[in-house]
Each structure stands twice: as structure tokens, then as C-alpha cells.
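> here is my input; please provide its structure:
(2 chains)
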2 protein chains.
Amino acid sequence: MEFSSKLIEKAVNEMSQLPGIGKRTALRLVLHLLKQPKEQTGFLAQAIVTMREDIKYCDSCHNISDSVLCEICSNKNRNHQIICVVEDIRDVMAIENTGQFRGIYHVLGGKISPIDGVGPSQLNITTLVQKVKSGSVNEIIFALSSTMEGDTTNFYIYKQIGDSEIIVSTIARGISVGDELEYADEVTLGRSILHRVPFEKSLKNN
Amino acid sequence: MEFSSKLIEKAVNEMSQLPGIGKRTALRLVLHLLKQPKEQTGFLAQAIVTMREDIKYCDSCHNISDSVLCEICSNKNRNHQIICVVEDIRDVMAIENTGQFRGIYHVLGGKISPIDGVGPSQLNITTLVQKVKSGSVNEIIFALSSTMEGDTTNFYIYKQIGDSEIIVSTIARGISVGDELEYADEVTLGRSILHRVPFEKSLKNN
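Residues are numbered from 1 along each chain as shown, chains lettered A, B, ... in the order given. Coordinates of the predicted model:
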């Protein structure tokens, strides 16, 4: 792609380093900014720089937070004995939206993935293991994606926790609510059957 | 969407004002920036702000340029008597990529679109009409999108030019090269037949 201006070229190159944004999309975004008032570009630039410079992470759960402890960890009405282990902040938001979980979280910051060069030491695993070993935890729930990397991470943490006498559970895999059985893949359907729940229990959540 | 940090919320809100970027995508981009070195966010912010502040437009064709005249307008090897009228810089890049056009361009900066509040006065039409009336132009080629707005803009400019004795043409509409006839829509196929070209002429471009 040849540009008539070095300034445009540089802006497009920077933009296109964002995930899912190619050169064409980046050019569209840049041309959009050119048509908007100058201030808007300033606000955008300011917002991302401030965010990157001033961001803090919760000391306890590693969730993104504006203070030392995030709102969830500092909430005394939540059950601090149940920890839900998630990959990143988006998963916290998704689970919070369900309104079904009243414990606290632990954000790993990724999954073990040798192919991407991510090992256990780059993730917030040590602090989780410490929390479990300190004896203040009753149950941990693995809520990582159901992929090879997710399963590996679950297993690694499980091994690290060792013989601590706590409940270790993982979120249920099965047919999505509203989905038809015939379109489900075999693995999912198989898990649904293996991990069936007592009918009376399933009634309670409706 | 509830965020655990005001900084994230602000960055996501600014990002999601870009076209085609919703809140979810914006969050994904913001989280990506958080995982990258701090400098990268700085470079991105700097690039878009510099671009927006320092951008110049070619005095002659209104294309984006780093100098008073763009590279195309200042190129003496190009035919300055043929002007190709386009909507924005992307169209200039697309036509330049074909290597089929050796004239110069005139960038309107949009199309007449009452529904979006864009009238002729917001576009670079006056300077085009002046150029034509000054007598230095032989032919103008309309290369706007084949939409209601594009056709309206073409017609408006055509009326403004009035009785100047120049050739006014529009790029050919027809079946895309490589496309099968049966899948073409009727209007396009109809235009292809109406605007058929002598077979010998079509051979030359292969």
C-alpha cells in the first residue's frame, strides 16, 4: 500500500498493529479521525496513554482496578472462601453479568501456551497457590476456556495445589441454553451426559 | 457493560467511537495494549495526534499530502489535462494501484448526501469548477461509487460545469473481471450490455 503522506503511513502502521485491524481498516479509521474535530483524536490518544500509564492491578486478585484492592475483593458481602480462576478481566465481567457468583476472582492474565511463549511463570499462579495454602480458601472454580491451553493451565494449577483439602471444581460444559440437541458437537453432548445434574437441582435455577 | 476501572472505561468509550468498533472490540484492543510494552501505546497515540495536527492537503487536488502540492500534482510526467474526480484518498490509492491512469486527481472529500447533512458547499466542488472554467482541462472522469449519492454528486458537478467544451466521462460499470454472468445482478449486466466496447479495443488491455 502506498500512501501520499508519511504522517498517514505512520498512523496506519501503528493502528494496524492492533489485533484484528489490517492496513485497510486502519486507513479507514485514520480517515475517519481526519473528518472529526481535532479534539476527538486528542481525547482518544490521551485516554489510551493515561490508561496504559496509570493502570493498577488489584493486589489480591490481579484484576484491573483503580485502587489497591478491586471493588470485588474489598466487598465484605462476598464470599472470600470461594475463588473463581479466570483468564482475564473480560471473563470477570462476563461472570459478574450472570449474577450467579458471589465469591471472589483470581485473574491469571493468560493461559499456559508454549506455542505463544507463555509459561506458568508469566501468569499469576504463585499468588493463587499461596492463597490456597494459607488455608483461607474453601473452593476454587476453574473458569478457563475449554481449549488445550485452558485444560493445561487447569491441570498445572491443580498439581501445584497438591494435597490441600479444598474443593476444586470446573464450570460445567454442555449444551448451551436454547440450543437444539441435534446441532451440538459430539464432545459437548458427551460431556453433557457424563456430567448430568439431578433434575430437581436444575429446576431451582429456572 | 460495567468496568472495574474508570481508566479502562474511558479508553473503551473513546475507542468505540471509531467506525466499526463496538464496545467489545474496543475492550479487546485496550486489553491488547495493556499486554504490550508501554512505548507501543505511546507510539500509537503520538502517531495519530501528529497525523491529525500536522496533516496538509494538496493545494491543487485536495489529496492528503506532506507538501503544498502532492506528488501526483507536482509530477510533470503526468497529464494535467485529464482530471479524475474521486471521493477520498482511498480511491486515489486504488486507482493508482491499477497503473492505468496517468492524469491527475481531484478529491471531493465526500459525496452529496442530504441524509448525512453533507451539501455541495462542504465538498471541494468550487475549485474543480474553477479549474475546468480556466480552460486548462480537456477531460474529467467521474470515479465515484455507483450509489444514489455518487450519482447525485456527478450530476451536480456536471450541471455546474455547464457548457464548458470538455469531455465528461464516467468509469465503466459492468461485470467484474473473472465473474460469471449468471451471478451478476440485472442492473450491472444491463449496463454491461448498454456500454459494450468494440472487441478489438478490449483485446488491447489484456
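
> which parts of chain A belong to which domain?
Chain A breaks down into these domains under automatic domain parsing: A:6-54, A:68-171.

> and residue A:61, which of those is closest to it?
Residue A:61 lies closest to domain A:68-171 among those, at 5.0 Å (CB to CB). C-beta: built from backbone N, CA, C; applies to glycine.

> just to revisit the earlier point, want to try TSV for the domains of chain A, with distance to residue B:181, mean pLDDT and mean neighbour count as columns?
Shown next, in TSV, are these (distance: least, CB to CB, whole Å; pLDDT from 0 to 100; neighbours: other CB atoms under 10 Å in any protein chain shown):
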stretch	distance to residue B:181	mean pLDDT	mean neighbour count
domain A:6-54	29	92	18
domain A:68-171	45	91	16
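
> between those, which one is nearest to chain B?
Of all the domains of chain A, it is domain A:6-54 that lies closest to chain B, at 3.7 Å by CB to the nearest CB.

> make JSON lines from the domains of chain A and add distance to chain B to it.
Output for the domains of chain A, formatted as JSON lines (distance: least, CB to the nearest CB, whole Å):
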{"stretch": "domain A:6-54", "distance to chain B": "4"}
{"stretch": "domain A:68-171", "distance to chain B": "5"}
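
> quick one: the biggest helix by length in chain A to helix B:38-54, angle?
The longest helix of chain A (DSSP state H) is helix A:38-54. If you take axes from the mean of the first three to the mean of the last three CA atoms, to 10 degrees, helix A:38-54 sits at 170 degrees to helix B:38-54.

> CA atoms only: put stretch A:111-128 into PDB for me.
Taking C-alpha atoms only, stretch A:111-128 is exported to PDB below (Å, rounded to 0.1, in the frame of the first residue of the first chain):
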ATOM      1  CA  LYS A 111      -3.200 -19.300  29.700                       C
ATOM      2  CA  ILE A 112      -0.100 -21.600  29.600                       C
ATOM      3  CA  SER A 113       0.700 -21.700  25.900                       C
ATOM      4  CA  PRO A 114       4.200 -22.900  24.900                       C
ATOM      5  CA  ILE A 115       3.400 -22.100  21.300                       C
ATOM      6  CA  ASP A 116       2.900 -18.400  22.200                       C
ATOM      7  CA  GLY A 117       5.900 -18.500  24.600                       C
ATOM      8  CA  VAL A 118       3.700 -18.200  27.700                       C
ATOM      9  CA  GLY A 119       4.900 -20.300  30.600                       C
ATOM     10  CA  PRO A 120       3.500 -20.600  34.200                       C
ATOM     11  CA  SER A 121       6.000 -18.000  35.400                       C
ATOM     12  CA  GLN A 122       4.300 -15.300  33.300                       C
ATOM     13  CA  LEU A 123       1.000 -15.900  34.900                       C
ATOM     14  CA  ASN A 124      -0.300 -15.100  38.400                       C
ATOM     15  CA  ILE A 125      -0.200 -18.700  39.500                       C
ATOM     16  CA  THR A 126       2.100 -18.400  42.500                       C
ATOM     17  CA  THR A 127      -0.100 -16.000  44.400                       C
ATOM     18  CA  LEU A 128      -3.100 -18.200  43.800                       C
END
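
> what's the distance between that stretch and the middle of its chain?
14 Å (CA atoms, centre = their mean, to the nearest Å).

> which other residues reach that stretch?
In this structure, residues lying in contact with stretch A:111-128 by CB atoms under 8 Å, 6 or more residues apart in numbering or on different chains are A:62, A:83, A:85, A:87, A:106-110, A:140, A:144-145, A:147, A:149-150, A:152-153, A:156-157, A:160.

> now do the contacts for residue A:10.
Residue A:10 neighbours (CB under 8 Å, 6+ apart): B:47, B:50-51.

> hmm, back to that, mind putting the domains of chain A in TSV, distance to residue B:57 included?
Converted to TSV, the domains of chain A look like this (distance: least, CB to CB, whole Å):
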stretch	distance to residue B:57
domain A:6-54	10
domain A:68-171	40
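
> hang on, the earlier thing: can I get the longest helix of chain A in CSV, CA atoms only?
Extracted in CSV, the C-alpha atoms of helix A:38-54 (Å, rounded to 0.1, in the frame of the first residue of the first chain):
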residue,chain,number,x,y,z
LYS,A,38,-9.2,17.7,16.2
GLU,A,39,-10.1,17.3,19.8
GLN,A,40,-11.5,13.9,19.3
THR,A,41,-8.2,12.5,18.2
GLY,A,42,-6.6,14.2,21.2
PHE,A,43,-9.2,12.7,23.6
LEU,A,44,-8.6,9.2,22.2
ALA,A,45,-4.8,9.5,22.4
GLN,A,46,-5.0,10.9,25.9
ALA,A,47,-7.3,8.2,27.1
ILE,A,48,-5.2,5.3,25.9
VAL,A,49,-1.9,6.8,27.2
THR,A,50,-3.4,7.6,30.6
MET,A,51,-4.9,4.2,30.8
ARG,A,52,-1.6,2.5,29.9
GLU,A,53,0.5,4.6,32.3
ASP,A,54,-1.8,4.8,35.3
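
> I'd like the next helix or strand past that helix.
Using DSSP states H and E, the helix or strand that follows helix A:38-54 in sequence is strand A:56-57.

> what comes into contact with the longest strand seen in chain A?
The longest strand of chain A (DSSP state E) is strand A:79-86. The contact list for strand A:79-86, computed with CB under 8 Å, 6+ apart, reads A:73, A:92, A:95, A:101-108, A:128, A:131-132, A:136-144, A:157.

> so which residue is dead centre in chain A?
Among the residues of chain A, the one closest to the centroid is residue A:88, at 2.4 Å (CA atoms, centre = their mean).

> who's in contact with it?
Counted by CB under 8 Å, 6+ apart, residue A:88 has contacts A:107-110, B:31.

> greatest separation within these: which pair is it?
Greatest spatial distance among the contacts of residue A:88 (CB to CB): A:108 and B:31, at 13.4 Å.

> quick one: contacts for residue A:8?
A:27, A:30, B:51, B:55, B:64, B:89.

> can you report phi and psi for the fifth one?
Recorded main-chain torsions at residue B:64 are phi -70, psi 140, according to degrees, to the nearest 10.

> from residue A:76, how far out is it?
Distance of residue B:64 to residue A:76, computed by CB to CB, to the nearest Å: 57 Å.

> ranges for the helices of chain A?
Ranges of helices in chain A, per DSSP H, are A:6-15, A:23-35, A:38-54, A:89-98, A:126-133, A:148-161, A:186-194, A:199-204.

> compare those and give me the one nearest residue B:177.
Residue B:177 sits nearest to helix A:23-35 of all the helices of chain A, at 20.4 Å, using CB to CB.
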